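Chemist: Generate coordinates for the sequence data below:
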Amino acid sequence: MNFKVILKGVFGSYLMLFGFIALFAFILANSNINDSLIKPVMIGITFLTLSINTFVNVRKVDTKGYIYGLIIGIIYAAVLFIISLILNKNIELSMYSYIQILVSIVAGMLGGILSVNIK
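Modeler: Modelled structure (predicted):
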């Protein structure tokens, strides 16, 4: 197991996530976009950042892309949960939380599968 690939996948996903969040926040601040779009857009950003970074980083490994993607997705979701716990100071799992976890795992696995099969 190449832990460097896993750490790069998680770290890269968060760097990209923060960039997309900053861009989305700028768009929200300067437009009349409805606040009800925040959660769906965040789920889309999560899917995009995780699948891209998993794809890019797991390409360095020739096998078991889905395992690497699964691990990256789980770590990503766990870190997101811990950050939310620290910032919100409560443990409340809503339907949105479960969707976010599921999207993280699926996006990681998809990026990993595609990375070892597309050369």
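
Chemist: now the helices for the protein?
Modeler: Secondary structure of the chain (DSSP state H): helices at 3-29, 38-58, 65-88, 95-117.

Chemist: Tell me which residue of the protein is furthest from the middle?
Modeler: Here the chain reaches farthest from its C-alpha mean at residue 32, the gap being 26.5 Å by Cα atoms, centre = their mean.

Chemist: Check that residue and give its pLDDT.
Modeler: Reported pLDDT at residue 32 in the predicted model: 87.

Chemist: before we move on, the earlier item: kindly reformat the helices of the chain as TSV and extend each row with mean pLDDT and mean neighbour count.
Modeler: In this view, the C-beta of every residue, glycine as well, is placed from N, C-alpha and C. Listed next are those as TSV, based on pLDDT from 0 to 100; neighbours: other Cβ atoms under 10 Å:
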stretch	mean pLDDT	mean neighbour count
helix 3-29	91	15
helix 38-58	92	20
helix 65-88	89	18
helix 95-117	92	19
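
Chemist: quick one, phi psi at the residue farthest from the centre of the chain?
Modeler: As for residue 32, its main-chain torsions (degrees, to the nearest 10) stand at phi -110, psi 30.

Chemist: Look up how far residue 69 lies from it.
Modeler: According to Cβ to Cβ, to the nearest Å, residue 32 stands 37 Å off from residue 69.

Chemist: Then residue 35?
Modeler: 32 Å.

Chemist: Name all residues that make contact with the nearest residue to residue 110 once chain neighbours are set aside.
Modeler: Among residues not flanking residue 110 along the chain, residue 51 sits closest, at 5.3 Å (Cβ to Cβ, 6 or more residues apart in numbering). Contacts for residue 51 (Cβ atoms under 8 Å, 6 or more residues apart in numbering) come out as 107, 108, 110, 111, 114.
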